[in-house]
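> take this sequence and fold it.
(chains A, B, C and D)
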Protein chains: 4
Amino acid sequence: MGFKSTLRPGLIQLRVLDLDKTLDCYKNVVGLDEVGRTSDGRVMLKCYDEFDHHSVVLRKASEAGLDYVAFKVADVKALEEIKVKTEKFGYKVTELKANDEQPGFGKRYAFTICTGHQLQVYAEVELAKKFPPIKNPDIWHEQPRGMRATRLDHFLLYGPGIDEAERFMKEVFDMYVPEVCNTPDGKRLAAWITGSNKAHDLAFVEYPKPGKMHHFAFFLETWQDVLNAADLIAINHLKLDIGPTRHAITRGTTIYFWEPSGNRIETYCGGYTAYPDNPQRVWDADQLGRGLFYFSGEMIPSFLEVVT
Amino acid sequence: MGFKSTLRPGLIQLRVLDLDKTLDCYKNVVGLDEVGRTSDGRVMLKCYDEFDHHSVVLRKASEAGLDYVAFKVADVKALEEIKVKTEKFGYKVTELKANDEQPGFGKRYAFTICTGHQLQVYAEVELAKKFPPIKNPDIWHEQPRGMRATRLDHFLLYGPGIDEAERFMKEVFDMYVPEVCNTPDGKRLAAWITGSNKAHDLAFVEYPKPGKMHHFAFFLETWQDVLNAADLIAINHLKLDIGPTRHAITRGTTIYFWEPSGNRIETYCGGYTAYPDNPQRVWDADQLGRGLFYFSGEMIPSFLEVVT
Amino acid sequence: MGFKSTLRPGLIQLRVLDLDKTLDCYKNVVGLDEVGRTSDGRVMLKCYDEFDHHSVVLRKASEAGLDYVAFKVADVKALEEIKVKTEKFGYKVTELKANDEQPGFGKRYAFTICTGHQLQVYAEVELAKKFPPIKNPDIWHEQPRGMRATRLDHFLLYGPGIDEAERFMKEVFDMYVPEVCNTPDGKRLAAWITGSNKAHDLAFVEYPKPGKMHHFAFFLETWQDVLNAADLIAINHLKLDIGPTRHAITRGTTIYFWEPSGNRIETYCGGYTAYPDNPQRVWDADQLGRGLFYFSGEMIPSFLEVVT
Amino acid sequence: MGFKSTLRPGLIQLRVLDLDKTLDCYKNVVGLDEVGRTSDGRVMLKCYDEFDHHSVVLRKASEAGLDYVAFKVADVKALEEIKVKTEKFGYKVTELKANDEQPGFGKRYAFTICTGHQLQVYAEVELAKKFPPIKNPDIWHEQPRGMRATRLDHFLLYGPGIDEAERFMKEVFDMYVPEVCNTPDGKRLAAWITGSNKAHDLAFVEYPKPGKMHHFAFFLETWQDVLNAADLIAINHLKLDIGPTRHAITRGTTIYFWEPSGNRIETYCGGYTAYPDNPQRVWDADQLGRGLFYFSGEMIPSFLEVVT
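This next block holds a predicted model:
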């Protein structure tokens, strides 16, 4: 009901270098709750305002970066349809058993798209032990702490062939594309893609190397929370990348910073209410600086080039 | 793509007593733009951040209140399916021709549901002459004025038989129900209903008299805008009903006030991001005061009883 | 330097009924730090952004209310001048020895003014053990908690003869009066008084019974913090008195609530930057409802009548 | 009463290149009101929340920069005392007649301090024709527009010998110095100076060239207004210098941008409530980057070097 198939990006698994130090940042600075550990030592986390079992997994590795992201779909029927459509689209699908590698999650399908990223889909996941109040509900159980991240919001993926990736998300995931950036010769440079009212659930930037992650984002409720996040970056001596600023693209306000392992986190707030019938916003590549960093209007080269 | 059928409440036609004075309030206090007048003297208005031709119509009449609300659906196919499903559900459907009574709008279907309210649906509407920027877009063309209402947000309708109305919105409009309030004997007292990520697109309260409107709501971007709206109510000597406060229900922050003709307007902000797979929030009737007026926790009887 | 004599209201001693329960509210909801206990069991507290030893003292008693408030003056010379001027004004002055009843405080002078309130003055107080950072300072040591009260802000005192009290604060404390409310026959009904840029350091309302406290106030930084304070009132089931709203008087935004012992606390934010050369703002008594509750514009009788 | 002598920086006269274009920026983007023109063509402006005749004067010239800043003192007695003390301090004082070059202003004294800046003082100035409401006052007459600047806030002056300048402001203007930055060998690199509760009324940075202005600042009420100011910079294609960010120094949030003539304007918000008895905050020169740009913690060299 309501959504045609894809609900939201619901899970991200990240590689981190120093598990303890990085976990401390996610828990005590970003404000996530630790849900538990897997038998192989990965740490499961969630935001205070999420219902599902967990949304972020940290895996100790020798190199930072993204293992995969997974989308929750409306129901088992939608899940099976996506499997079939993905195979028809030409990507090989692997089935991952329920409760196997991701405790609490039902059956997942995994596949690698042209940009080199592994995506997954699932229809079922257990409720977390500690989810938001639902019976005569208060607005929260405990005062949110740290950056007060409310939920996993979106991902920005770098890789080759994003026109195909965009087509895949539309045809197979029933998503739409509220905003794009094109090169002077009309080729897609970037696409912001969503399956809901959110301005983006994920985005792609064309990039020669496959499988790169630019950043993933947590959602903050207010511009005041964006200030608080920036204060916490300063006080905790985390490395700021950019912000606070506004993206003209999606209209969101934002900060980018590096967690201790070197993954780029965005704390994102706002963004317009997207609808599939609204005209697509279109950016020229030479205006992308203004689209990304609205206030200065100038591109920051490192922003485009540093990925994990 | 993205949404199964219903996109949003897109149009409301209101009866007003003093057209000039009421129009002045909508334009210069709430901050809407006048789009034009119909041949029979009704005034068409829209919010600065809406794309469609118009969203609010004022009709001079001897009594304030609601003529009807209309929902935009994803496409013509969805529109025709809703027509068929509505007739199957048992409501008589009337076809309204494109560009007839509502300039810019395509074909609409109208029907009256059990609560006595006329609802309409449409799939096509022209873009407004002045819609938000889309080419290397700024965040707005002109600094929003007055209360800075961004869009028509939702309606609260009072009438009998809301359990049927709720079922209708689910079965025919593919909506879902993030939050409800039940009487001690388990009957539905109120239901908040949405077709998207918004916490509610409309709501019903069980009420013996049919066809009543409690309020309709404009969306404000921030709690700071809520303060600004309250300041404007004071400065313009409009009659405040309630607020600023928070609804625990939907979590939105809010003000209610009376426009000069006596229709109750809500300026609503926030609200959780709803998903159809999240557990339904459930309120007991004796906690409804807390659900509506979170800070005092006490019901304000006039809030439940005064409708137009 | 800077200020002629009086710096700020720096200390309030309150009577509370249930010390543990009330203390829990001040610490865990309002967000104060417990500094320690006096030998006779009173509890000393301070706000995170205050430098002085403590600013709030809770004394267990059989009736809630105000013991006294104390003002810090610029230096010992100013202190002795105030003593002399107070005696000349006609009030009997008592000397209280340093570190006697209020650990960390220097010599205080105490006297009761015509309204029946005991005021005190002091020039010296030790720095708190935990005061705001001053060496390459971060904006705070620890993320503020609860309502994030930054400092003791002001008091509102009810009693007879406030025209004399106002004259006393001007002549003896070198304060000025940015805003007043007069009865139709030109008598003072209320006066807001300050010695600094703050819109008020204290205020008086004419009232037949002597020595009453209407409320005392903590300062919050932002309107977002006002919302957070209201949320905490709801979640902790504290009794809201009024708000969130705005006072047209001082322009501050505000909430009033009752702490568990029945003392009325205001969480106050904003207020104009006052200067002694600006024209005085003047309210007619019949507009006081609008002055106090700007949005509704209507007086709430209990607000004027319930005092401790 | 209240303040020992100096009330506030009340007037700044700036040199601008293109008077019409620059005026348009101050009026329609920053949001000032044009008060009128002097007989020699200078433009007088004020902020909506200021009472005095005007606070900003634009003078067409071939080079941008500062003509002078002027401070309002408590009364004529304080004015004459400052004249005497200034001469004793060793600076030559010139008397400027009332209503001469600055319409509405009483007698001013002018003198040039060691840093090469002309300062002025005055005790009397007419009220503006359009000043904030004072009789049963609304919070404003008209909804503030543009950046919603409420008042002239402070100046940052660059020049040689700031230790002497700091001593002058303390000894002659009765100001105090809440925050300083020292070089490793203990010399003053920068000082933030105030005569009130504001964190700074002016500041000095040690610099070899005399008479330079780094920026002057308007006050904004909220962090939301800081965002709005940044949006207006983008939409009006003004050149952003830095921000939005926070200064750890004074704790204010801020944006710097260049008005069309090349004068650097700060839109400043917040800042702690300063008191002369609080300990002085002290910065090491190698931490100044963090003090100025709290979130990145890194100095932006152009910020220190580009002055007018």
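> going forward, measure contacts and count neighbours with C-alpha atoms only.
Fine.
> tell me the buried residues in the helix or strand where residue A:266 lies?
For residue A:266, the host element (DSSP states H and E) is strand A:264-269. Neighbour-count burial for strand A:264-269 flags A:264, A:265, A:266, A:267, A:268, A:269 (criterion: 16 or more other Cα atoms under 10 Å in any protein chain shown).
> please apply the same query to stretch A:117-132.
Buried-residue list, stretch A:117-132, by 16+ other Cα under 10 Å: A:117-125, A:127, A:130-132.
> what's near enough to touch the residue of the stretch 51-200 of chain A found nearest chain C?
Of all residues in the stretch 51-200 of chain A, the one sitting closest to chain C is residue A:138 (6.5 Å; Cα to the nearest Cα). Residue A:138 sits next to B:248, C:235 when contact means Cα atoms under 8 Å, 6 or more residues apart in numbering or on different chains.
> are we agreed that it is in a helix?
No. Read with DSSP: H, G, I helix; E, B strand; the rest coil, residue A:138 is coil and lies in no helix.
> and it, what pLDDT?
For residue A:138, the model assigns a pLDDT of 98.
> up against chain B, what does the stretch 101-250 of chain A have?
A:133-139, A:170, A:174-176, A:194-198, A:222, A:248-249 (Cα under 8 Å from any Cα of the partner chain).
> among these, which lie within strands?
In this view, these that belong to strands under DSSP state E are A:176, A:194.
> wait, doesn't residue A:211 sit right on residue A:162?
No. Residue A:211 is beyond contact range of residue A:162, at 11.6 Å (criterion: Cα atoms under 8 Å).
> shared neighbours, these two?
residue A:115.
> now do the SS call for residue A:237.
Going by three-state DSSP: residue A:237 is coil.
> what about it, how many neighbours?
Other residues within reach of residue A:237, judged by other Cα atoms under 10 Å in any protein chain shown, total 12.
> quick one: it from chain C, how far?
11 Å (Cα to the nearest Cα, to the nearest Å).
> now the helices for chain A?
Taking DSSP state H, the helices of chain A run over residues A:19-24, A:76-89, A:162-171, A:223-235, A:288-292, A:301-305.
> would you single out the least confident of the ones you listed?
Looking at the helices of chain A, the weakest mean confidence is helix A:301-305, a mean of 80.
> just checking it against chain D, any contact.
No. Interface with chain D: helix A:301-305 contributes nothing (Cα under 8 Å from any Cα), its closest point being 14.8 Å away.
> C-alpha coordinates for that helix, PDB please?
C-alpha atoms of helix A:301-305 as PDB (Å, rounded to 0.1, in the frame of the first residue of the first chain):
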ATOM      1  CA  PRO A 301      37.600  19.600  -6.400                       C
ATOM      2  CA  SER A 302      38.500  17.200  -3.500                       C
ATOM      3  CA  PHE A 303      34.800  16.700  -3.000                       C
ATOM      4  CA  LEU A 304      34.500  15.100  -6.400                       C
ATOM      5  CA  GLU A 305      37.700  13.100  -6.200                       C
END
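> near chain D, which residues of chain A are found?
Counting by Cα under 8 Å from any Cα, chain A sits next to chain D at A:223-224, A:230-231, A:233-234, A:239-241, A:243-245, A:294-297.
> out of the residues you listed, which touch chain C?
Among the residues of chain A next to chain D, chain C is touched by A:224, A:231 when using Cα under 8 Å from any Cα.
> please, a ChimeraX command that selects the buried ones among the residues of chain A next to chain D?
Remark: buried members of the residues of chain A next to chain D, expressed as a ChimeraX selection using 16+ other Cα under 10 Å:
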select /A:223,224,230,231,233,234,239,240,241,243,244,245,294,295,296,297
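> now, among the residues of chain A next to chain D, which is nearest to residue C:90?
Relative to residue C:90, the closest of those is residue A:224; by Cα to Cα it sits at 50.1 Å.
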